[in-house]
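what's the 3D shape of this:
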Amino acid sequence: MDRRIVLAYDGSVNADWVGRYAMQMAAALPNRQLLLVHILDGSFTRERIEAKAAIIASECSQHGISCTCSILQPSGDIFASLLQAIPHNKHCYCLCGTRFASKGRGFLAGTIAERLLHCKRFNVLAIRVVSPGLLGCPRTLLFPLAGHPRGFEAALPFLQMFAASVKRIYLLRVMTVNPFHFRYISDVAAKKRIASGYDYLTRITNEIQQQTTNVSWHLDHHVVLSNDWAKESLIQAGKINASMILLGATERSLPSLFFSGYPIEQILRTTPCDVGIYRKI
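The predicted structure is shown next:
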């Protein structure tokens, strides 16, 4: 079965920006198909959503993409309605936006996007757009990797769908040390941790090269010892002028209700570039 892109579209300006990413990713797939799903929640009239969806469909058509728009009345809450409308299989990739955070609220915690990332019914990419001028075409991707034993398996399909625009991939391994022990770590212990990080990134670099032989992008990697994973990721994003940070989501990393101190929320709140949070089933 071919992979398919689904845009969970709420009608906002941010969703229009996320739609650019959905179009670019759909264009990277053999079937070049996009399904736009909107659940009518009263924020916009049906006529307004139909008009905006028609604009997206028209732009898709100009790029040889077939866009189907599904505008539905809610059946239960918005999340439950989306689950009914989005295909449940490993070939489906759902794109959604993170909200603009007001005082006391997170960008992800408590949102539809967070619930979609938790649901494990299909693959999900939740995007915070900081630079709409990219038009969904990031050139430099920063991957802060947590050292998962499965390597790059979960990230690879998302990376492949960015192949048309990406010129540079920067792999980052932040070897975290407890803040209390960070200032006292010995040179020998620090070098051992850093060497371990480079061993891991070398394996990931080889994995990417083997799986993407027909793509000419530049691969780079860096290991740093730090007591603050989120802060270090943001520093590195600034140093390399990243277009987008791509973060893998796990049950531990997703903020749930207690979001203020979580690294993903810290990155979403102060990022200098677009951020994508991916989860593959």
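
helix, strand or coil for residue 15?
Following DSSP: H, G, I helix; E, B strand; the rest coil, the label given to residue 15 is helix.

does it really touch residue 9, like I thought?
Yes: contact status for residue 15 versus residue 9: in contact at 5.0 Å, counting by Cβ atoms under 8 Å. C-beta: built from backbone N, CA, C; applies to glycine.

between those two, which one's more packed in?
Neighbour count, other Cβ atoms under 10 Å: between residue 15 and residue 9, residue 9 has more, with 26 against 22.

so what's that one up against?
Contacts for residue 9 (Cβ atoms under 8 Å, 6 or more residues apart in numbering) come out as 15, 18, 19, 36, 37, 38, 49, 53, 56.

got the residues you listed as JSON lines, with pLDDT, secondary structure and distance to residue 249 columns?
Listed next are the contacts of residue 9 as JSON lines, based on pLDDT from 0 to 100; DSSP: H, G, I helix; E, B strand; the rest coil; distance: Cβ to Cβ, whole Å:
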{"residue": "15", "pLDDT": "96", "secondary structure": "helix", "distance to residue 249": "20"}
{"residue": "18", "pLDDT": "98", "secondary structure": "helix", "distance to residue 249": "16"}
{"residue": "19", "pLDDT": "98", "secondary structure": "helix", "distance to residue 249": "21"}
{"residue": "36", "pLDDT": "98", "secondary structure": "strand", "distance to residue 249": "23"}
{"residue": "37", "pLDDT": "98", "secondary structure": "strand", "distance to residue 249": "21"}
{"residue": "38", "pLDDT": "98", "secondary structure": "strand", "distance to residue 249": "24"}
{"residue": "49", "pLDDT": "98", "secondary structure": "helix", "distance to residue 249": "28"}
{"residue": "53", "pLDDT": "98", "secondary structure": "helix", "distance to residue 249": "28"}
{"residue": "56", "pLDDT": "98", "secondary structure": "helix", "distance to residue 249": "26"}
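
identify the farthest-apart pair in the residues you listed.
18 and 49 (15.1 Å; Cβ to Cβ).

more crowded one of these two?
Using other Cβ under 10 Å as the criterion, residue 18 and residue 49 rank with residue 18 on top: 29 against 20.

the more buried one contacts residue 96, doesn't it?
Yes: between residue 18 and residue 96 there is a contact at 6.9 Å, judged by Cβ under 8 Å.

mutual contacts of those two, please.
With Cβ under 8 Å, 6+ apart as the test, residue 18 and residue 96 both reach 7, 127.

any stretches of the stretch 1-150 of the chain with poor pLDDT?
For the stretch 1-150 of the chain, the stretches with pLDDT under 70 are 100-104.
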